[in-house]
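In: sequence and predicted structure are below.
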2 protein chains.
Amino acid sequence: MHSSTASVDRVRPVGTKRSNKRDFIVNVFLRQEGHLSADDLVDLIRREDHRISRATVYRTLQWMVQNGIARKVDFGEGRFRFEHSYRHPRHFHLVCKSCGRSFEFLSSDIESLMEEVASVRRFEMGQTVLQIHGTCEACRTGHPQGAEKTTEMLFARDALRIAIATERSGRDFYARAARMTKNTRARTIFQRLSGEEVDHLNKLESRYEELLKQDADLESRPPFLFFKGAANGLFSAAASELNKVSSDLDALKIAIRCERGSYQFFKKYGERFEDSEGKRIFLEFADEERDHLNLLLGELRAYTEKRGRRPAASRGAHSARANA
Amino acid sequence: MHSSTASVDRVRPVGTKRSNKRDFIVNVFLRQEGHLSADDLVDLIRREDHRISRATVYRTLQWMVQNGIARKVDFGEGRFRFEHSYRHPRHFHLVCKSCGRSFEFLSSDIESLMEEVASVRRFEMGQTVLQIHGTCEACRTGHPQGAEKTTEMLFARDALRIAIATERSGRDFYARAARMTKNTRARTIFQRLSGEEVDHLNKLESRYEELLKQDADLESRPPFLFFKGAANGLFSAAASELNKVSSDLDALKIAIRCERGSYQFFKKYGERFEDSEGKRIFLEFADEERDHLNLLLGELRAYTEKRGRRPAASRGAHSARANA
DNA sequence: CTAGGTGCAAATAATTTGCAGAGGC
DNA sequence: GCCTCTGCAAATTATTTGCACCTAG
């Protein structure tokens, strides 16, 4: 389960040869948790084998960065640190200036805003760096701090929570929509979707239980992934919108907007991972949402064609494509 | 108007002596626009006086950072750069990996989210670093790019725009509230506030005109300060809330929530500046909002006491204090 | 006169590199 | 055997420091 069990074997680029020393260095690196400086790693290596030179450690670090095993991070200390990259999504950092440790988080909300800024300033966005420097709780109070869970575990937990909240709100939304609609065909679709949400919800909930079994106090750990939209589920605001809506067409459009947002969110974050639990959850979920989206879009097409009008679906705040 | 005209004279801390060389270095630094590395500055200095040593430049850079004239920034290049700090608020960066230039922006929205993350993770937040690395428009397309305006000017422009939008929405909100309220005393207050918003609005609009006169294409420059809440004015959402509201008390509470949000926003960003146009606008504005807030709070107290009930003002999403 | 300020050269600190020998395929 | 990897020591780069001298207050 720990990313430390990852081995070098999976990446072996052309023009590169196996080497015991390098493998050893990589494995020692992967066994560590935090953000190591080159020097930290040299020390760790020397502890077990003092015949490995500093230059080799530096060269291996470079090699790991090139091959996606490690990422170089810069906390402004005048030297670089390195963190796992395999099975470890890009994220942001809380850096404690007192103990030097750093903690990870991810905020979908902040990322969206950054994308917006980049777009308004006509900037093609590549990597982003976000650091909050300050003092961690352990340093501020006494020292009653448990070790950080691995990011992978926290991410899986948060992914599941968000997915569950989304399914719940989706189930309620479609149930309500089915109750409200007058059109028989639309009602059938809403009922079907509601049913699918229930099925998936059960699966997700048992997966969540399973995850919690692996680690008793996982649930009480602070959040890793921040995403306001999902606090009560992506569909929850939409459900109350249904009250103010007159036609079945409007309900359809609201559903489409929600499924599209949901699809995009889960696709985007799912792709950040190399086969971790979080990735699987997000991508499966994205697939399901894409299916729903396509179903709804087909329905919208049928609905509008029947009336001989051009689809009015291009309006609205969400301008993104579903690429389906 | 340019921050480059700032001279060393204003900062002269105890235990520090005047020195021609240092003054010279500081002035050369302040005359530049971008983000200089120590070496860039050495080159510039050498061009005019090659008898100044590299060590002195480094020492002066340190001195400038200590005395709030410069800020040390780190774009992960393996060396530090320095930017103006006097008359220059903290901000975030867009860093072009192609031409190496960097561009500035500020996002109140992102800052709020960062504060929230820090608070949830029980982290005492100090400085923050946010960088968007990528490719700027000039590098992506041909090269038809005008020079960046000074941040000070852009900030003043955005400060004024936000203030104006807020005043406009405030004026509308209070006018509407006055029309709706049945209570005579409350109506008088709402009318008075509406009138004050109009006065201040006129002042702000002429100030904005004045600013534009100083620079023809200032208006067309991309935004520096991003703040969603102010797009249509902080009161604009509240104005439509008024429709759904039954009592004058509710209207009062909505007004208080808006004034408090507005006060906090303008205070926070106003304090980021050392006497610039932006600072003045924001802080004046914050003062005015605080007065309004106090007026409304007094009214709320009177209103609730009259009914022999304890004030219900501590409810609601905004838990911050007005410190008035 | 005396606490800074300055130049110069040497010291650090993190990281890279040239080159000769070792080792995987 | 060929080509890559490794060790070692020297080189590089960014920045700091010791020390003798200079200068403002």
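Out: Done, it's in.

In: so the closest residue to DNA strand C within the stretch 201-324 of chain A: helix, strand or coil?
Out: Distances between the stretch 201-324 of chain A and DNA strand C by CB to the nearest atom of the strand are smallest at A:Glu274, namely 23.1 Å. C-beta: built from backbone N, CA, C; applies to glycine. Here A:Glu274 is recorded as coil under DSSP: H, G, I helix; E, B strand; the rest coil.

In: the nearest residue to it once chain neighbours are set aside: neighbour count?
Out: By the measure of CB to CB, 6 or more residues apart in numbering or on different chains, the closest residue to A:Glu274 outside its immediate chain neighbours is A:Arg87, 5.5 Å from it. Counted by other CB atoms under 10 Å in any protein chain shown, the residues lying close to A:Arg87 total 23.

In: could you look up the SS state of A:Lys72?
Out: Applying three-state DSSP: A:Lys72 is strand.

In: who is it paired with across the strands?
Out: A:Lys72 has the following beta-bridge partners by DSSP bridges: A:Phe82.

In: and it, what is it in contact with?
Out: Contact analysis of A:Lys72 by CB atoms under 8 Å, 6 or more residues apart in numbering or on different chains lists A:Val65, A:Phe80, A:Arg81, A:Phe82, B:Gly76.

In: secondary structure element for A:Asn202?
Out: helix A:184-214 (DSSP states H and E).

In: try A:Ala175
Out: Using DSSP H and E, A:Ala175 falls within helix A:151-180.

In: tell me the mean pLDDT over that helix?
Out: Taken as a whole, helix A:151-180 has a mean pLDDT of 91.

In: state the distance from the closest residue to A:Arg90 other than its chain neighbours to chain B.
Out: Counting by CB to CB, 6+ apart, A:Arg272 is the residue found nearest to A:Arg90 once chain neighbours are left out, at 6.2 Å. With distances taken as CB to the nearest CB, to the nearest Å, A:Arg272 is found 17 Å from chain B.

In: okay, now the domains of chain A?
Out: Domain assignment for chain A, taken from automatic domain parsing, gives A:1-88, A:89-143, A:151-316.

In: do the helix holding A:Ala175 and chain B come into contact?
Out: No. Figure legend: helix A:151-180 not in contact with chain B (CB under 8 Å from any CB of the partner chain); closest approach 11.6 Å.

In: that helix packs against which elements?
Out: helix A:184-214, strand A:225-226, helix A:236-241, helix A:248-270, helix A:277-306 (3 or more CB pairs under 8 Å, 6 or more residues apart in numbering or on different chains; DSSP states H and E).

In: remind me which residues of chain A are low pLDDT?
Out: A:1-15, A:144, A:146, A:306-324 (pLDDT under 70).

In: write out the residues of it neighbouring DNA strand C.
Out: When proximity is defined as CB under 7 Å from any atom of the strand, chain A approaches DNA strand C at A:17-20, A:37-39, A:54-55, A:58-59, A:62, A:78-80.

In: switch to 10 Å and redo it
Out: A:12, A:16-23, A:37-42, A:53-59, A:61-62, A:65, A:72, A:74, A:77-82 (CB under 10 Å from any atom of the strand).
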